[in-house]
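> A predicted structure for the sequence below; I have some questions about it.
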Amino acid sequence: MSTLLEIDGAPVRLTPPPREPRTLRVALAGCGTVGGELVRLLHQGAGEIRARHGVRVRLVRVLVAHAGRPRPSELDPALLTTDLDAFLAEDADVVVEAIGGLDPALRIARTTLGRGRRLVTANKALIAAHGPELAELARRHRTRIDFESAVAGGIPVIRALRDSLGLTGIARIRGVLNGTTNFILTRLDEGWRYADALADAQARGFAEANPARDLSGEDAADKLRILGWLAFGIRPDALVLRRRGIDPDPERLAADARLLGGAPRLVAEAVQTEAGVVAAVEPVIVPSAGALGRTRGEENVVVIESRANGGVALSGPGAGGSPTASSLLADLVRGAGRLPRPAPVAPLSVADTREHRWALSVARTQAAGGILERTLSRAGIVSTAVLADGDRRVAVTGPVGWQRVDLALRALSAERLAPVVSRVEVPV
Ligand SMILES: NC(=O)C1=CN([C@@H]2O[C@H](COP(=O)(O)OP(=O)(O)OC[C@H]3O[C@@H](n4cnc5c(N)ncnc54)[C@H](OP(=O)(O)O)[C@@H]3O)[C@@H](O)[C@H]2O)C=CC1
Ligand SMILES: N[C@@H](CC=O)C(=O)O
């Protein structure tokens, strides 16, 4: 606020000096793809953060596993430590956790919140397994936990659900939540080999330390569990979820989608049905021109449908150091709303018995063709089209629930036919 004074009869507006910025002491656990990028953003953006938020962020300690690894030039090497106890003893206002996994991330989280200090984390595995417990701990100790960067990288979907759309009666959440698999599927579409596409995703820092978590759909499932908690109030670890990834044969998955004229996507969805919330992470062949089909490379998209607000689509970079660190930074300097407690009674999450059309493909040998059709018919599945292309045969089914498809898949696997299955959402 400025004050009007008169000096020598003339009005003079006196503007007080800017409020001295508050110093936020930050301890950072992990300085790899995401943590390293946060160090750079804090350095480059220091002036703007001070001006816009009145906060001077000061890194006080950085925990890593290997002392000798190269670090960003902006990082003072004296801040580095590999000593977890020394790190935990540091007097910090906020701890940022960008290590991943549960050990030592869970200990860091519990210690930080238990001391009444703020925790900001990018760790979806941690929140999917312990989110409500940590939120309760934060509540008890009058502090907060924020995890915007844990889901969909640079897209502010947690804030959208926590502060806004989560209050409007969510009917369905559906999207592409894993950048690595989407990057791989896009590259395969461009004619790359799978091994090269995966290696490129790893080199760009999109993949998890163990990329099997991306390929098997576990990473997307963790993110869906977190969204299910915020949207429906279901404990993340109690969400009944069917999960399949793009493994074991992403190249065939991509070829099947091409044959059917659609785009393969690893789709995560949680839907409110009359019986309860059903949830799945699985490959789906979607229309190439739709919101999911247009999501390419490491991009993510989340479509949130609510009773009051229709459909809201959020899309953008879903993996990578810079977008993820920008979400960490947002949590660091700007608070967000409270987290909902999971509903006390939990019959809300049920197995998915909805019917879909599916494409099952097997290698095209004389035997395989006969077996494919016989197996489907034994499982009570009607196939509406059988397509042959190159060395494979693809049966497209009429609407049928996953349970029957799973039966057929097991039978085909027992015959060592290595079947690949996707849901089909394009006309065949
Ligand atoms: N990469 C991405 O696009 C995204 C990642 N995330 C999440 O962010 C987190 C970090 O991912 P990312 O930066 O890619 O991972 P990195 O593997 O690149 O970095 C991990 C960091 O943690 C340190 N670290 C590992 N284990 C220990 C340990 N036991 N004690 C101390 N430090 C340890 C490593 O130390 P050192 O460097 O010495 O090896 C490294 O600095 C994960 O939870 C991930 O799921 C979320 C969204 C996007
Ligand atoms: N490995 C993850 C990283 C971001 O969460 C992904 O590929 O989406």
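Nice, thanks for sending it over. Numbers count the residues shown, from 1 in each chain. Ligands and ions are numbered 1, 2, ... in the order given.
> which helices and strands does the helix ranked longest in the chain pack with?
Counting residues, the longest helix in the chain under DSSP state H turns out to be helix 124-140. Packing partners of helix 124-140 (3 or more C-beta pairs under 8 Å, 6 or more residues apart in numbering; DSSP states H and E): helix 105-114, strand 118-121, strand 145-146, helix 218-232. No exception for glycine: its C-beta is placed from N, CA and C like everyone else's.
> check which element follows the shortest one along the chain.
Per DSSP states H and E, the first helix or strand lying C-terminal to strand 145-146 is helix 157-163.
> which residues touch the helix or strand that that next one is followed by?
Next along the chain after helix 157-163, taking DSSP H and E as the criterion, comes strand 170-176. With contact meaning C-beta atoms under 8 Å, 6 or more residues apart in numbering, strand 170-176 is reached by 152, 161, 182, 224, 227-228, 231-232, 265-272, 292, 295, 299-307, 318.
> go on, stretch 100-107?
Against stretch 100-107 from outside (C-beta under 8 Å, 6+ apart): 29-30, 84, 88, 97, 99, 121-123, 125-126, 129-130, 208-209.
> give me the buried entries from those.
29-30, 88, 97, 99, 121-123, 125-126, 129-130, 208 (16 or more other C-beta atoms under 10 Å).
> check these against ligand 2, which are close?
residue 208 (C-beta under 6 Å from any ligand atom).
> let me know the closest of the buried ones among the contacts of stretch 100-107 to ligand 2.
Closest approach between those and ligand 2, by C-beta to the nearest ligand atom: residue 208, at 4.5 Å.
> so the closest one sits against residue 219, correct?
Yes: judged on C-beta atoms under 8 Å, residue 208 makes contact with residue 219 at a distance of 5.8 Å.
> list residues touching both of those two?
residue 180.
> state the pair within the contacts of stretch 100-107 that is farthest apart.
88 and 208 (24.6 Å; C-beta to C-beta).
> coming back round to it: the longest helix of the chain - what's its average pLDDT?
The average pLDDT within helix 124-140 is 98.
> that one vs helix 218-232, what angle?
Here the directions of helix 124-140 and helix 218-232 differ by 30 degrees (axes from the mean of the first three to the mean of the last three C-alpha atoms, to 10 degrees).
> how many neighbours does residue 404 have?
Residue 404: 17 surrounding residues under other C-beta atoms under 10 Å.
> what does the chain put close to ligand 1?
Counting by C-beta under 6 Å from any ligand atom, the chain sits next to ligand 1 at 30-35, 63-66, 69, 98-100, 104, 122-124, 149, 153, 205-206, 208-209, 319-320, 324.
> okay, the helices and strands packed on helix 124-140 in CSV with mean pLDDT and distance to residue 381 next?
Conversion of these to CSV gives the following (pLDDT from 0 to 100; distance: least, C-beta to C-beta, whole Å):
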stretch, mean pLDDT, distance to residue 381
helix 105-114, 98, 43
strand 118-121, 97, 44
strand 145-146, 96, 46
helix 218-232, 97, 26
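> format these as JSON lines; extra columns: distance to residue 385.
As requested, those are exported to JSON lines (distance: least, C-beta to C-beta, whole Å):
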{"stretch": "helix 105-114", "distance to residue 385": "48"}
{"stretch": "strand 118-121", "distance to residue 385": "47"}
{"stretch": "strand 145-146", "distance to residue 385": "49"}
{"stretch": "helix 218-232", "distance to residue 385": "29"}
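> closest one to residue 22 among these?
strand 118-121 (13.3 Å).
> give the pairing partners of that closest one; include direction for each.
strand 94-97 (parallel), strand 145-146 (parallel) (DSSP bridges).
> what residue in this structure comes nearest to ligand 1?
residue 32 (2.0 Å).
> pretty sure that residue contacts residue 71?
No: using C-beta under 8 Å, residue 32 is not in contact with residue 71; the gap is 9.7 Å.
> distance of the residue of the chain closest to ligand 1 from residue 207?
Per C-beta to C-beta, to the nearest Å, residue 32 is found 12 Å from residue 207.
> contacts only, for residue 407.
Counted by C-beta under 8 Å, 6+ apart, residue 407 has contacts residue 379.
> let's have the chain start at 55 instead
Sure, I'll start counting at 55 from here, so that last one is residue 461.
> does residue 317 touch residue 345 like I think?
No: with contact defined as C-beta under 8 Å, residue 317 does not count as touching residue 345 (11.1 Å).
> who has more neighbours out of these two?
residue 317 (25 against 17).
> in contact with the closest residue to residue 182 other than its chain neighbours, which residues?
Nearest residue to residue 182, sequence neighbours excluded (C-beta to C-beta, 6 or more residues apart in numbering): residue 276, at 3.8 Å. Contact analysis of residue 276 by C-beta under 8 Å, 6+ apart lists 178-179, 181-182, 290.
> count of neighbours near the closest residue to ligand 2 within the stretch 355-482 of the chain?
As assessed by C-beta to the nearest ligand atom, ligand 2 sits closest to residue 373 within the stretch 355-482 of the chain, at 3.8 Å. Residue 373 has 30 neighbouring residues, counting by other C-beta under 10 Å.
> which among the contacts of strand 224-230 end up buried?
Counted by 16+ other C-beta under 10 Å, these give 206, 215, 236, 278, 281-282, 285-286, 319-326, 346, 349, 353-360, 372 as buried.
> between the contacts of residue 276, which is closest to residue 108?
Nearest to residue 108 among these, with distances taken as C-beta to C-beta, is residue 181, at 28.7 Å.
> for the strands paired with strand 172-175, which one ends up most surrounded?
Counting by mean count of other C-beta atoms under 10 Å, strand 148-151 has the highest mean neighbour count of these, with a mean of 26.
> may I have it as CSV, with CA atoms only?
The C-alpha coordinates for strand 148-151 follow below in CSV (Å, rounded to 0.1, in the frame of the first residue of the first chain):
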residue,chain,number,x,y,z
VAL,A,148,10.5,-27.9,3.2
VAL,A,149,11.9,-31.3,2.1
VAL,A,150,11.6,-32.1,-1.6
GLU,A,151,11.8,-35.8,-2.3
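> any idea of the mean pLDDT in it?
Rounded mean pLDDT across strand 148-151 is 97.
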